[in-house]
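1. Curious how this folds, go ahead:
(chains A and B, ligands or ions: 2)
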Amino acid sequence: MGERDSVESASQDKAITVSGITREFGLATAVDRISFEVDRGEFFGFLGPNGAGKTTLIRMLTTLLKPTSGQAIVSGYDVAEHPSQVRRRIGVVPQAMTSDLDLTGRENMDIYGRFYGIRSAERKERTDELLEMVGLAQRADDLVATYSGGMRRRLEIARVLVHRPALLFLDEPTIGLDPQSRRVVWELLKKLIRSDTITIFLTTHYMEEAEMLCGRVAIIDAGKIIAMGSPPELKAGIPGNDIVTLRVGGLTDDITAAIGKLPFVHKVNREEDSVSASVEGGAQNLPGLIDIVRASGGTILSASVHEQSLEDVFIHYTGKSIREEEAKKVSFLVGAGMPRRLGG
Amino acid sequence: MTRLFAVIERDLKKFKRNPVVLGMSILMPIIYLVILGNSFQGKLTDLPLAVVSQDGGPYAKRLVEYLMAVQAGPKTFLVLPMTDQKKAVDGVRTGKYKAALIIPPDFSKRVVVNGRPDVGLFLDNTDSISADTIRNLIDAALSSLGSEYVPVREPDGTPLLRDINLYGKVDYYQSLVPGVVIMAIFLGTLTTGAFNLVMDRFLGIEESYLLTPLSKGNIVGGLIISGLFITTINALFIFVASVLITGIPLSRGFGNFLPVFLVVVLTTLCLLSLMFAIMGRISHPRIVGVLSGFLNVILFFPSGAVYPVASFPGWLKSFARVNPEAYAVDAMKSLLFKNVGLGNIMGDLLFLSLFTAAMMGLAIATFKRTL
Ligand SMILES: Nc1ncnc2c1ncn2[C@@H]1O[C@H](COP(=O)(O)OP(=O)(O)OP(=O)(O)O)[C@@H](O)[C@H]1O
Ligand SMILES: [Mg+2]
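-> Ligands and ions are numbered 1, 2, ... in the order given. You can find the predicted model right below:
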């Protein structure tokens, strides 16, 4: 200790305070003057497509990367000045799987606990309790090499809780998992935020994940925050309340323009053979939309109406969808922030 | 302390789960001893030498007898008497013979007249080591003709020269033992310690422990200690095996066991620290692969394990002066073959300790706690 006096008094009640943090790799700016605050006990999410800068941001907040400029205070300490104090207080689940394949689940947990200097008896108790919680008690003594991806991820979440961190960082914790394993991880995180006085900072490129888990979400694209607030606030912040998506045979720009001119339509977006429009009262106005398409010479192949989601918020601000980006995600490892060497 | 032990235990556990590596690191240096011992023989033998004698005189006979004596004794060449000069020379060209010796018809006469006869020696000088050896031996044979000494055929297996050895008899295989133990240490330090860090970094696992409160010293120190543990045991095993295989008298091999143990530990620490200083920032195992061959050559061959440091040219000698493996070989040779105690290898031990301290310092200073 002895560093008590360096704690910024203004940020005592904040888990994270970030001001103007920036990271450049050579000429490219991965994170561009980002500022935000996270309260203690909050579940805060960063939502953004591939390459938005999520991993770079988390690495700066968790002392793994030095910011090019700007400041971050995490758990009361400046990450650049007191990295070891920060490390002691946080738990981090990086994007790539980082458990040791040659060790058993229990060994992974035990050794990690020792890295934090936790006493043997407490370590044992905590390990059993956490393995039980993530549903790995039965497989605890098998090598991690024999685990499935979902099991490995659950182990890593359990492992990071051994030292009871006050602040938990998770970088795309459900990427690469099937829907079922994803749900298990979600339940786990929900349970955590309910039962403990823990703050969770999560990044994701799944809008349902952000929407379901996070109290507050920042949407990040190309290194910048483009919108921030609770999911309902974010959705209320863009015009319209429903999204109507039409697949149209013989779709032309004229048809798209005609749709855009309707009084109840706020915004249209064309993607190949489909148009999506943000609409006031989607269900009531669907017939009107279909009429205008037919009148302009198009044929309706399919039509759907859904409530606006964070995806639509993202489209509203960036003009592109996160899903498009998602398809480009090649593999788990490549998505992990490689290559680290280039210009770094 | 708990943290340091945790790093060590993690590394040892992972090593234990990889029995193939364990087996290979024990087997390889022993195979190395066998291959090295048989390919870098101390002396050359059985070099085919075609001899065409066109002179029936006494000195020509004496020369051939001398050559036959070499064949019977140290077996340096295989004398093949022939009559066709052209065939003999062609044989050298095609690689059938290493050399052809032509004794001209007036050979004996010339010895009597001016004591300096001429012979024709056709050498395959693409193989300079054999060529030099043959030339020297023929030279010696020619000068011996002047004296009245007639070499007599000695019984098989008795060398012509009787050496006066200062120390107990050391055969070529035995003299390789220090080198093989050093090789085992080198291989061990290459595949433990810093290499495990490079591997973790490559697999992206490093991130998980950089995020914990482990200090630089915990990480570097822990990996070095676990590497020391594995490599020392391995090297001692190989030491015992090669003492038994090469028949070094047990009193000498094991009488000095404690000092040998000390040299092994210190050499291991030294090379582990060196590896850490070199590889501490490498992020791809392929670079380690490329480096390993290079390091092996520049550390091992100038160490005196195979050729004596004294015969190196000046610049290589100065390199040997800062090469830790040279000090390790010297210490081991002293302990095994000169039967001296710790007192006589203090200089070696001091150098190894200082080198270790410097490299460890460099390794910790250059180790990056960030990505
Ligand atoms: N070490 C590095 N050297 C050079 N460029 C880098 C480095 N790390 C990241 N980048 C670049 O910074 C940008 C942000 O990368 P980052 O990994 O933070 O994105 P991300 O939001 O985590 O993406 P993903 O969803 O794929 O994980 C990318 O353009 C990436 O290429
Ligand atoms: Mg990422």
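2. Near the residue in the stretch 201-350 of chain B positioned nearest to ligand 1, how many other residues are there?
-> Closest approach between the stretch 201-350 of chain B and ligand 1, counting by C-beta to the nearest ligand atom: residue B:283, at 10.7 Å. Glycine gets a C-beta too; all of them are placed from N, C-alpha and C. Using other C-beta atoms under 10 Å in any protein chain shown, residue B:283 is surrounded by 15 other residues.
3. Tell me the secondary structure at it.
-> Here residue B:283 is coil, with the state taken from DSSP: H, G, I helix; E, B strand; the rest coil.
4. so it makes contact with residue B:204?
-> No. Assessed by C-beta atoms under 8 Å, residue B:283 is found out of contact with residue B:204, at 10.1 Å.
5. thinking again about what came up before, how about the residue of the stretch 201-350 of chain B closest to ligand 1, nearest residue that isn't a chain neighbour?
-> residue B:201 (4.9 Å; C-beta to C-beta, 6 or more residues apart in numbering or on different chains).
6. Checking that neighbour next. Helix, strand or coil?
-> helix.
7. Taking chain A, what residue is nearest to ligand 2?
-> residue A:55 (3.0 Å; C-beta to the ion).
8. what about the residue of the stretch 201-350 of chain B closest to ligand 1, distance to residue B:371?
-> 10 Å (C-beta to C-beta, to the nearest Å).
9. what does chain B put close to chain A?
-> Taking C-beta under 8 Å from any C-beta of the partner chain as the measure of proximity, chain B contacts chain A at B:2-3, B:5-7, B:9-10, B:13-14, B:17-18, B:204-205, B:207-215, B:283, B:369-371.
10. List buried residues within those.
-> B:3, B:6-7, B:9-10, B:13-14, B:17, B:204-205, B:207-214, B:371 (16 or more other C-beta atoms under 10 Å in any protein chain shown).
11. In helices only, show me the residues you listed.
-> B:3, B:6-7, B:9-10, B:13-14, B:207-210 (DSSP state H).
12. avg pLDDT for stretch B:357-371?
-> For stretch B:357-371, mean pLDDT is 92.
13. Now do the domain split for chain B, please.
-> With automatic domain parsing as the criterion, the domains of chain B are listed as B:2-37+B:176-366, B:47-165.
14. same deal with chain A?
-> A:3-234, A:239-307.
15. Could you point out which of those domains sits nearest residue B:56?
-> Using C-beta to C-beta as the measure, domain A:3-234 is the one of the domains of chain A that comes nearest residue B:56, at 78.4 Å.
16. The closest one vs ligand 1: in contact?
-> Yes. Looking at domain A:3-234 against ligand 1 by C-beta under 6 Å from any ligand atom, the contacts come from A:25, A:28, A:30, A:48, A:50-56, A:95, A:205.
17. Let's see the PyMOL selection covering just the buried ones among the residues you listed.
-> Burial among those is assessed by 16+ other C-beta under 10 Å; the matching PyMOL selection reads:
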select buried, chain A and resi 25+30+48+50+51+52+53+54+55+56+95+205
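18. Can you tell me which of the residues of domain A:3-234 next to ligand 1 end up in helices?
-> A:54-56.
19. Need those in a markdown table (columns: pLDDT and distance to residue A:258).
-> Shown next, in a markdown table, are those (pLDDT from 0 to 100; distance: C-beta to C-beta, whole Å):
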| residue | pLDDT | distance to residue A:258 |
| --- | --- | --- |
| A:54 | 96 | 39 |
| A:55 | 96 | 43 |
| A:56 | 97 | 43 |
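20. Need those residues in CSV (columns: distance to residue B:123).
-> Converted to CSV, these look like this (distance: C-beta to C-beta, whole Å):
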residue, distance to residue B:123
A:54, 73
A:55, 68
A:56, 68
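21. just the residues you listed now: which is nearest residue A:128?
-> residue A:55 (32.1 Å).
22. tell me which element residue B:136 is part of?
-> helix B:128-146 (DSSP states H and E).
23. Counting by contacts, list what that helix packs against.
-> Counting by 3 or more C-beta pairs under 8 Å, 6 or more residues apart in numbering or on different chains; DSSP states H and E, the packing neighbours recorded for helix B:128-146 are strand B:47-53, helix B:58-72, strand B:99-103, strand B:120-123.
24. most packed of these?
-> Greatest average neighbour count among these goes to strand B:99-103 (a mean of 24), per mean count of other C-beta atoms under 10 Å in any protein chain shown.
25. residues in contact with the next helix or strand after that strand?
-> Heading C-terminal from strand B:99-103, the first helix or strand you meet, by DSSP H and E, is helix B:107-114. Residues outside helix B:107-114 that contact it (C-beta atoms under 8 Å, 6 or more residues apart in numbering or on different chains) are B:54-55, B:57-60, B:63, B:116-119, B:145-146.
26. Out of the domains of chain B, indicate the one that is most buried.
-> Sorting those by mean neighbours (by mean count of other C-beta under 10 Å), the first place falls to domain B:2-37+B:176-366, with a mean of 19.
27. can you tell me if that one touches ligand 2.
-> No. Domain B:2-37+B:176-366 does not reach ligand 2 (C-beta under 5 Å from the ion); its nearest approach is 11.7 Å.
28. measure that domain end to end?
-> 24 Å (C-alpha to C-alpha, to the nearest Å).
29. How about stretch A:243-255?
-> Across stretch A:243-255, first to last residue, C-alpha to C-alpha, it's 17 Å.
30. Helices along chain A, start to end?
-> Using DSSP H, helices in chain A cover A:54-61, A:83-89, A:105-115, A:120-133, A:149-159, A:179-195, A:207-213, A:231-236, A:253-260, A:282-295, A:310-318, A:322-328.
31. Residue A:106 is in contact with residue A:162, correct?
-> No. Counting by C-beta under 8 Å, residue A:162 stays clear of residue A:106, with 11.3 Å between them.
32. do stretch A:22-32 and ligand 2 meet at all?
-> No. Stretch A:22-32 stays clear of ligand 2 (C-beta under 5 Å from the ion), getting no nearer than 10.1 Å.
33. Looking at residue A:162 and residue A:106, which is more packed in?
-> More crowded of residue A:162 and residue A:106, by other C-beta under 10 Å: residue A:162, with 24 against 19.
34. Distance check, the more buried one against residue A:121.
-> Note on residue A:162: its distance to residue A:121, by C-beta to C-beta, is 13 Å.
35. do the same with residue A:304
-> Distance from residue A:304 to residue A:121, by C-beta to C-beta: 57 Å.
36. Of these two, which one has the most company?
-> Applying other C-beta under 10 Å to residue A:304 and residue A:121 shows that residue A:304 carries more neighbours, namely 13 against 8.
37. Could I get the contacting residues of the nearest residue to the more buried one once chain neighbours are set aside?
-> Nearest residue to residue A:304, sequence neighbours excluded (C-beta to C-beta, 6+ apart): residue A:245, at 5.0 Å. Listed by C-beta under 8 Å, 6+ apart, the contact set of residue A:245 reads A:274-276, A:303-306.
38. Mind putting the residues you listed into CSV with distance to ligand 1?
-> Output for these, formatted as CSV (distance: C-beta to the nearest ligand atom, whole Å):
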residue, distance to ligand 1
A:274, 25
A:275, 28
A:276, 24
A:303, 32
A:304, 27
A:305, 30
A:306, 25
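39. Could you pull up the residues touching the spatially closest residue to residue A:226 that is not a sequence neighbour?
-> Using C-beta to C-beta, 6+ apart and skipping the chain neighbours, the partner closest in space to residue A:226 is residue A:317 (4.5 Å). Residue A:317 makes contacts with A:219, A:221, A:226-227, as judged by C-beta under 8 Å, 6+ apart.
40. among these, which two are most distant?
-> A:221 and A:227 (9.5 Å).
41. just how off-centre is stretch A:201-215 within its chain?
-> Distance, stretch centre to chain centre, for stretch A:201-215: 5 Å (C-alpha atoms, centre = their mean, to the nearest Å).
42. ditto for stretch B:309-316
-> The answer for stretch B:309-316 is 15 Å, by C-alpha atoms, centre = their mean.
43. what's the answer for stretch B:255-270, then?
-> The chain centre lies 19 Å from the centre of stretch B:255-270; the measure is C-alpha atoms, centre = their mean.
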